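Student: sequence? don't have it. structure:
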């Protein structure tokens, strides 16, 4: 069995080498719409409160940092509060430091437990929006964490009358499989099969929720500084900094005129270049 695993891994490596150059030089047709971030007033009367689930994840931390920088309040839920630190993309010289903002409330809990989800909604008298940026290996969090956790969040939102929700999934989820690069499709149907079953079920739960939702499907995620530009694409996706994904999610739950409510935009950075899944430490923000 181990010999078969080794051969399969080598096969993927060889396929990656064979197709990477073809992707970078291909003229894959893509329709691109440049999304312009919404500007909000910075007055005290305009300040909002956002809930972020999966708070210690790289994209979620970006959501938290940027919301706080804008003067908003945040309530975050994470299994590992000690892992929540200022992100590399937007944090600059502060990256890696713990948060110390009085407008941030961090709750230790498990999104699959309804009582833990309820603590988030009890921590703020009024929530203006919810961002779901859950992640983790299925071997650590289980095969259905995304779906069960998101259903718990939807139930609590309905009970509290909160309408706006942005859910980060992935390129390749739902009807966007054609927009994933060839090598990523192989991973989706092999080593990542369980997580994509969960992502697809999560998306269906959101689409059937009756809430004002946006399912955000980013291309290859990086921890680079924000570019300040997001392309909503119909075609093969490229990479995008998590910082830009975070700003898009914040607009999705806070901007009155956000144009992608009840839609599933696939987003990437300027140019929408092809990509192959980057599993390096740098891409995970570990360097």
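Tutor: Received, thanks. What you see is a predicted model; the values in this text were computed from it and never measured.
Student: how about the helices in the protein?
Tutor: Taking DSSP state H as the test, the helices found in the chain are 2-25, 58-69, 88-91, 114-122, 138-141, 145-160, 182-188, 193-207, 242-254.
Student: how about these, which one is nearest residue 77?
Tutor: helix 114-122 (5.1 Å; Cβ to Cβ). Using the backbone N, CA and C atoms, a C-beta is placed for each residue, glycine as well.
Student: now do the buried residues in that closest one.
Tutor: Using 16 or more other Cβ atoms under 10 Å as the test for burial, helix 114-122 gives 116-121.
Student: kindly report the same for stretch 254-265.
Tutor: Buried residues in stretch 254-265, counted by 16+ other Cβ under 10 Å: 254-255, 258, 260-261, 264-265.
Student: strands - which of the residues you listed land there?
Tutor: Taking DSSP state E, every one of those sits outside strands.
Student: neighbours of residue 81, just the number please.
Tutor: 16 (other Cβ atoms under 10 Å).
Student: same thing with residue 71?
Tutor: Close neighbours of residue 71, defined as other Cβ under 10 Å, add up to 15.
Student: and the gap between the residue nearest to it when sequence neighbours are not counted and residue 74?
Tutor: Spatial nearest neighbour of residue 71, chain neighbours left out: residue 47 (5.2 Å); criterion: Cβ to Cβ, 6 or more residues apart in numbering. Counting by Cβ to Cβ, to the nearest Å, the gap between residue 47 and residue 74 amounts to 11 Å.
Student: now do the shared contacts for those two.
Tutor: Counting by Cβ atoms under 8 Å, 6 or more residues apart in numbering, no residue touches both residue 47 and residue 74.
Student: quick one, which of the two is more surrounded?
Tutor: Shown here are residue 47 and residue 74; by other Cβ under 10 Å, residue 74 has more neighbours (25 against 16).
Student: does that one touch residue 65 like I think?
Tutor: No. Using Cβ atoms under 8 Å, residue 74 is not in contact with residue 65; the gap is 9.1 Å.
Student: report the beta-bridge partners for the most centrally placed residue in the chain.
Tutor: By Cα atoms, centre = their mean, the chain has its centre lying nearest to residue 168, at 3.4 Å. When assigned by DSSP bridges, residue 168 has beta-bridge partners residue 216.
Student: the chain should start at 561 in everything you say after this.
Tutor: New numbering, starting at 561: the last item is residue 728.
Student: that's all I had, so thanks and see you.
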